[in-house]
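Trainee: I need the structure of the sequence given here:
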Amino acid sequence: MPSSPPLPAPPAPRWWAAYAALCLLAWALYAMAGSEWQRGEWRFWDGAYEATWNLLPPMAVGLLALPWVRRLQVVPRSARVLAVQHAGAALVFVGLWLLLDFVASWLLFGADHARATFEQRVLWRAVWGVFIYTGLMFGFGGALHAQRAQAAALTAARAEAALVRAELAAISGKLNPHFLFNTLNSLLMLTRSNPGRAEDALLTFSRLMRYVLDTTRGAASRVQLRDELDFVRDYLALETLRLGPRLTVDWQLDDAVLDDTVPPLTLQPLVENAVQHGLAPLLQGGVLRVQAQRLGDALQLCVADNGAGCVWPPLPGQPARAHDGVGLSALQRRFELDYQGRARLTVRSAPGAGFEVHIHIPQNLD
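Mentor: Purely as a prediction, here's the structure:
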């Protein structure tokens, strides 16, 4: 029969401290129950003597319960085998209790007293021994099961966190080549159409590449919104050289949010999609709107165009836009995984009504 995963080693000081505390509580309750009131005086020492004599041996034998329970839980057993093993262990528990009780009586009061006490209490000790053994098995067994469940939950949580980090890193990895490919195309067209301005465009492209390299440190990286907007402005400067007056940008920015933080490359894929799929196909061009404002403790971003729009949500099996790439879907996945699930990305569109993407990014996560 295959064995179950090994149990994590218990934190011995904490476990034994809890066992000692429970034993002390049981001893105190027994002592109080065995005390008598005589002539207005509470004779606690009589109860303490009885509690010590009757409880100390089973408490000492109970120290063996934890390693025994751990041994039983290492290898799965059938119910019949487990019942037989518990029955045998209960008999051993009772036997050890009686043996300790008999030896203590012999040493303190002599052989005759030990035999008399044994004959008088053997049945009582046997019944209570089974009850105490059962309680110890349930107590230690339940604690071990809870510890194992907690360890499994912690392992699963760590695996889930590692998966989230991997997915976020993969998302960032998808965005960068997508951006690079389209920007290089823009530079190529600019070089062919106006070589005299190619140097300025290459300097702009250099700033773009520096920003990309500086913001690929990890999936959890954050940048200030002002830096992200400067990056988008550089990108749009190259696109404006290609599209000319067909591209108009309407900036609606609240200065109070420029120091807020966002994941790097949040706006560029949306701006790129708006330019390439919303405005570039229009002969007369159109307007791109980039908006940033505060709503409560969250940053609200919006990237919108007045292009042809599309059916949203898309019909099954149909993309939202032709050649939409990984930008929108990657951002949706990013905000599902990041910001403790509190960030949101929503899309509004309809045929002839343009395309809008709204992003809600909380700024205070404490």
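
Trainee: got a list of contacts for stretch 195-211?
Mentor: 183, 187, 190-191, 227, 230-231, 234-235, 237-238, 241, 264 (C-beta atoms under 8 Å, 6 or more residues apart in numbering). Where you see a C-beta, it was placed from the backbone N, CA and C, and this is true even at glycine.

Trainee: Separate out the buried members of the residues you listed.
Mentor: The neighbour-count test (16 or more other C-beta atoms under 10 Å) marks 183, 187, 190, 227, 231, 234-235, 237-238, 241, 264 as buried among these.

Trainee: now the helices: where do they sit in the protein?
Mentor: Using DSSP state H, the helices of the chain run over residues 12-34, 44-61, 65-74, 79-109, 111-193, 198-214, 225-243, 268-273, 327-337.

Trainee: residues of the third one that come out buried?
Mentor: When burial is assessed from 16+ other C-beta under 10 Å, helix 65-74 yields the following buried residues: 65-66, 68-70, 72-73.

Trainee: I'd assumed residue 54 was in contact with residue 27.
Mentor: No. Contact criterion C-beta atoms under 8 Å: residue 27 and residue 54 do not qualify, at 9.5 Å.

Trainee: from the contacts of stretch 195-211, which single one is nearest residue 307?
Mentor: Distances from residue 307 to those, taken as C-beta to C-beta, are shortest for residue 235 (17.8 Å).

Trainee: now residue 224: how far from residue 231?
Mentor: 11 Å (C-beta to C-beta, to the nearest Å).

Trainee: pLDDT weak spots in the stretch 1-150 of the chain?
Mentor: 1-12, 34-44 (pLDDT under 70).

Trainee: again, only using 50
Mentor: Applying pLDDT under 50 to the stretch 1-150 of the chain flags residues 1-8, 37-41.

Trainee: if I look at the residue lying closest to residue 354 once chain neighbours are set aside, how far off is residue 282?
Mentor: Leaving aside its sequence neighbours, residue 354 sits nearest to residue 306 (C-beta to C-beta, 6 or more residues apart in numbering; 4.5 Å). Using C-beta to C-beta, one gets 9 Å for the distance from residue 306 to residue 282.

Trainee: which of those two has more neighbours?
Mentor: Each of residue 306 and residue 282 had its neighbours counted (other C-beta atoms under 10 Å), and the higher figure belongs to residue 306 (21 against 13).

Trainee: buried sites along the lengthiest strand in the chain?
Mentor: Ranked by residue count and defined by DSSP state E, the top strand of the chain is strand 286-295. Across strand 286-295, burial judged by 16+ other C-beta under 10 Å covers 286-292.

Trainee: of all those residues, which comes closest to residue 311?
Mentor: residue 286 (19.2 Å).

Trainee: show me what contacts that closest one?
Mentor: For residue 286, the contacting residues are 246-248, 278-279, 305-307, by C-beta under 8 Å, 6+ apart.

Trainee: let's see 10 Å
Mentor: 243, 246-248, 274-275, 278-280, 305-308, 354 (C-beta atoms under 10 Å, 6 or more residues apart in numbering).

Trainee: repeat for residue 352
Mentor: Each residue near residue 352 by C-beta under 10 Å, 6+ apart is listed here: 306-310.

Trainee: next one: phi and psi at it?
Mentor: Backbone geometry at residue 352, expressed as degrees, to the nearest 10, gives phi 80, psi 0.

Trainee: From here on, call the first residue 44.
Mentor: Got it, the first residue is 44 from now on, which makes the last one we talked about residue 395.

Trainee: measure it to residue 286 for me?
Mentor: Using C-beta to C-beta, which is the criterion applied here, residue 395 is 21 Å from residue 286.

Trainee: coming back round to it: in PDB, could you pull the C-alpha coordinates for the longest strand of the chain?
Mentor: Extracted in PDB, the C-alpha atoms of strand 329-338 (Å, rounded to 0.1, in the frame of the first residue of the first chain):
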ATOM      1  CA  GLY A 329      -9.300  60.300 -36.000                       C
ATOM      2  CA  VAL A 330      -8.800  61.300 -32.300                       C
ATOM      3  CA  LEU A 331      -7.000  59.300 -29.600                       C
ATOM      4  CA  ARG A 332      -8.000  60.200 -26.100                       C
ATOM      5  CA  VAL A 333      -5.700  59.400 -23.100                       C
ATOM      6  CA  GLN A 334      -7.300  60.200 -19.800                       C
ATOM      7  CA  ALA A 335      -6.000  59.900 -16.200                       C
ATOM      8  CA  GLN A 336      -7.900  61.000 -13.100                       C
ATOM      9  CA  ARG A 337      -8.600  60.100  -9.500                       C
ATOM     10  CA  LEU A 338     -11.600  58.200  -8.200                       C
END
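
Trainee: any idea of the mean pLDDT for that strand?
Mentor: For strand 329-338, the mean pLDDT works out to 93.

Trainee: go on, stretch 393-405?
Mentor: Computed over stretch 393-405, the average pLDDT equals 89.

Trainee: now stretch 304-323
Mentor: Mean predicted confidence for stretch 304-323 is 86.

Trainee: now do stretch 257-268
Mentor: Stretch 257-268 comes out at a mean pLDDT of 69.
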